[in-house]
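Colleague: Dropping the sequence and predicted coords here.
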There are 2 protein chains.
Amino acid sequence: MNKKGKGEKSERILDVAEELFALHGYDGVTMRQISTGAQVDVALANYHFGKKLDVFYAVFNRRAALLSDTRRELLLKSQQDATEKPQTLEQIIAAFLLPLKFAQETGDPGWKNYMALLAYVMTSPIWSKKLMKDNFDKRVVEFIEALKLAFPKAKEEDIHWCYHYVSGALALTLAQTGRIDRLSGGLCLSADFDAAYDRMIPFVAAGFREVCGGK
Amino acid sequence: MNKKGKGEKSERILDVAEELFALHGYDGVTMRQISTGAQVDVALANYHFGKKLDVFYAVFNRRAALLSDTRRELLLKSQQDATEKPQTLEQIIAAFLLPLKFAQETGDPGWKNYMALLAYVMTSPIWSKKLMKDNFDKRVVEFIEALKLAFPKAKEEDIHWCYHYVSGALALTLAQTGRIDRLSGGLCLSADFDAAYDRMIPFVAAGFREVCGGK
DNA sequence: CACTATATTCAACAAGTGTTGAATTGGCAA
DNA sequence: TTGCCAATTCAACACTTGTTGAATATAGTG
């Protein structure tokens, strides 16, 4: 038996819920769709997690800490390895973005769904307020502090807005809407996270330097 | 009587639906919430627009063309006014972003809701496919063509990815999640579109030049 | 074996869902 | 007035929703 007393059906429920919530949003998914997809009775999700809202929270929380912690590790590591006094801007941005790329490379298809779910939460006025604060904000302020050190002369508002643009570019990438596939005629693929992140880092780094001060 | 045979109650339905859909998404809104908000019988929305899905489409289409057309106007105007052969990168980006700023400045509170709805559609894998193609894609390819002229040596994929980042930064701004308000401690405001666009243009312009080739 | 706790299913409820056909209103033309 | 058509409401339908208490299965322990 599992250590936490929850079997494999319990995780199948979360996996299916993750996929469905990412695709249709919270209200677009029914408990019966989840239980059918997990080949499980409709009452089982309630037994394990509580109400529908708790299922949603369980799905979101399952991978949130892992993602946020990896960000912290990379940020601290780059601070230690840095030869220069403050770490470079590219290092900060990479520490922020690469954990998502790494998660994708694990091969676990659940991460792909979770990223779309994360984009859904990030761009929703309601869920953003409820979920981002507890799971991500504490680590995000560490990044903003690092950015302040990298741009000591910059106005604080400029740094916040620039971070906001990075967050937006990231969110749309995570959403995997397939729009870039259509607009580019198949030249670019939403699923190609390597291509997305490799260009995103120099793109936003240049934007930061332009807005937040020279050098 | 109205020219199209639809009275003011008809528009009140669209206004309320616009606000609710922007906040809760398609499945998070019921016909009764809409009709109650519009102080109208629940059957009236069906009479005017058809099914619930048609109400959603009516809301989205109402302002889509106006927005897309203004983009085209600004782009053509900047092409004519340009002294240099190809217009500057900043002019292209401004033509893409400013129509949203202008719409905001009309004072019509409906635009604020519509922008959040637009962000919801842009970041949704499902709605993006169904709605963006018919309403925006034709004009977007014109912008990408203009960008190709501005960066004749750039690889086509780079241009598409950079446009993708702009689109993401814009989407998160339109969403008005209030997250930047919280992270900045009230220093930046989601509702302050002036602040958002004034910095977004130099930010993404610098990113384009970095990724898509010098100069 | 029996006992127990957990995991899972069964069956059903009350409330809410989108949708529709019939009935009612209101204004305008003949 | 009468007739007519669009706008609006009324009332109800069949169906789906989340949730729950009881019943059953399962597995580990003594």
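Modeller: Okay, I see it.
Colleague: Summarise which helices and strands the helix or strand containing residue A:9 is packed against.
Modeller: For residue A:9, the enclosing helix or strand under DSSP states H and E is helix A:8-24. Packing partners of helix A:8-24 (3 or more CB pairs under 8 Å, 6 or more residues apart in numbering or on different chains; DSSP states H and E): helix A:31-37, helix A:42-49, helix A:52-81, helix A:109-123, helix B:125-127. Where C-beta positions appear, they are placed from N, C-alpha and C, glycine not excepted.
Colleague: For my notes, please list those in JSON lines and give distance to DNA strand C, mean pLDDT and mean neighbour count for each entry.
Modeller: Formatted as JSON lines, the helices and strands packed on helix A:8-24 follow (distance: least, CB to the nearest atom of the strand, whole Å; pLDDT from 0 to 100; neighbours: other CB atoms under 10 Å in any protein chain shown):
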{"stretch": "helix A:31-37", "distance to DNA strand C": "7", "mean pLDDT": "98", "mean neighbour count": "17"}
{"stretch": "helix A:42-49", "distance to DNA strand C": "3", "mean pLDDT": "97", "mean neighbour count": "16"}
{"stretch": "helix A:52-81", "distance to DNA strand C": "14", "mean pLDDT": "95", "mean neighbour count": "16"}
{"stretch": "helix A:109-123", "distance to DNA strand C": "19", "mean pLDDT": "97", "mean neighbour count": "23"}
{"stretch": "helix B:125-127", "distance to DNA strand C": "16", "mean pLDDT": "97", "mean neighbour count": "17"}
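Colleague: Need those in CSV (columns: distance to DNA strand D).
Modeller: Converted to CSV, these look like this (distance: least, CB to the nearest atom of the strand, whole Å):
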stretch, distance to DNA strand D
helix A:31-37, 4
helix A:42-49, 3
helix A:52-81, 3
helix A:109-123, 16
helix B:125-127, 16
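Colleague: TSV for the ones you listed, including distance to residue B:40?
Modeller: As requested, the helices and strands packed on helix A:8-24 are arranged in TSV below (distance: least, CB to CB, whole Å):
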stretch	distance to residue B:40
helix A:31-37	32
helix A:42-49	35
helix A:52-81	30
helix A:109-123	30
helix B:125-127	25
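Colleague: Now for the nearest residue to residue A:66 once chain neighbours are set aside: which residues touch it?
Modeller: In this structure, residue A:66 finds its nearest non-sequential neighbour in residue A:103, 7.8 Å apart by CB to CB, 6 or more residues apart in numbering or on different chains. Taking CB atoms under 8 Å, 6 or more residues apart in numbering or on different chains as the definition of contact, the neighbours of residue A:103 are A:63, A:66, A:67, A:70, A:111, A:114, A:115.
Colleague: ok, of those residues, which one's closest to chain B?
Modeller: Nearest to chain B out of the contacts of residue A:103 is residue A:115 (CB to the nearest CB; 11.4 Å).
Colleague: Can you tell me the closest non-neighbouring residue to the closest one?
Modeller: For residue A:115, the nearest residue in space outside its immediate sequence neighbours is residue A:174; the separation is 4.1 Å by CB to CB, 6+ apart.
Colleague: now the helix or strand hosting the one you found, how far from the centre of its chain.
Modeller: Counting by DSSP H and E, the element that carries residue A:174 is helix A:156-175. A distance of 12 Å separates the centroid of the chain from that of helix A:156-175, by CA atoms, centre = their mean, to the nearest Å.
Colleague: If you count contacts, what does it end up packed against?
Modeller: Contacting helix A:156-175 under the criterion 3+ CB pairs under 8 Å, 6+ apart are the following elements: helix A:89-105, helix A:109-123, helix A:138-150, helix A:193-212, helix B:109-123, helix B:156-175, helix B:179-183, helix B:193-211.
Colleague: Off-centre distance for the shortest one?
Modeller: Distance of helix B:179-183 from its chain centroid, counting by CA atoms, centre = their mean, is 21 Å.
Colleague: Could you list the low-pLDDT ranges of chain A?
Modeller: Residues of chain A that meet the criterion pLDDT under 70 lie in A:1-6, A:82, A:84-85, A:214-215.
Colleague: So which residues on it come close to DNA strand D?
Modeller: Taking CB under 7 Å from any atom of the strand as the test, the list of chain A residues beside DNA strand D reads A:1, A:29, A:30, A:31, A:32, A:33, A:42, A:43, A:46, A:51, A:52, A:53.
Colleague: Tell me the one among those residues nearest to residue B:153.
Modeller: Ranking those by separation from residue B:153, with CB to CB as the measure, puts residue A:29 on top at 46.7 Å.
Colleague: separation between that closest one and residue B:163?
Modeller: From residue A:29 over to residue B:163 the distance is 31 Å, taken as CB to CB, to the nearest Å.
Colleague: still on that earlier bit, mind checking how far the residue nearest to residue A:66 is from chain B?
Modeller: Residue A:103 is 19 Å from chain B, where distance means CB to the nearest CB, to the nearest Å.
Colleague: try residue A:92
Modeller: When residue A:92 is compared with chain B (using CB to the nearest CB), they lie 16 Å apart.
Colleague: Check residue A:83 too.
Modeller: When distance is defined by CB to the nearest CB, residue A:83 is 23 Å away from chain B.
Colleague: Report the secondary structure state of that residue.
Modeller: What DSSP: H, G, I helix; E, B strand; the rest coil gives for residue A:83 is coil.
Colleague: now the one 4 residues further on
Modeller: For residue A:87, the secondary-structure state derived from three-state DSSP is coil.
Colleague: Next, give phi and psi for residue A:153.
Modeller: For residue A:153, the backbone dihedrals (degrees, to the nearest 10) come out as phi -90, psi -10.
Colleague: Which residue, other than its chain neighbours, is closest to it?
Modeller: If the residues on either side of it in the chain are set aside, residue A:153 comes closest to residue A:213, at 5.1 Å by CB to CB, 6+ apart.
Colleague: wait, doesn't that neighbour sit right on residue A:148?
Modeller: No. Using CB atoms under 8 Å, residue A:213 is not in contact with residue A:148, being 11.3 Å away.
Colleague: Need the overlap of contacts for those two.
Modeller: Applying CB under 8 Å, 6+ apart, one finds that residue A:213 and residue A:148 are jointly contacted by residue A:154.
Colleague: how deep is residue A:128 tucked in, by neighbour count?
Modeller: By other CB atoms under 10 Å in any protein chain shown, 21 other residues sit near residue A:128.
Colleague: ok, now how distant is it from chain B?
Modeller: Residue A:128 sits 4 Å away from chain B, taking CB to the nearest CB as the criterion.
Colleague: same deal with residue A:96?
Modeller: Here the criterion is CB to the nearest CB. By it, residue A:96 lies 14 Å from chain B.
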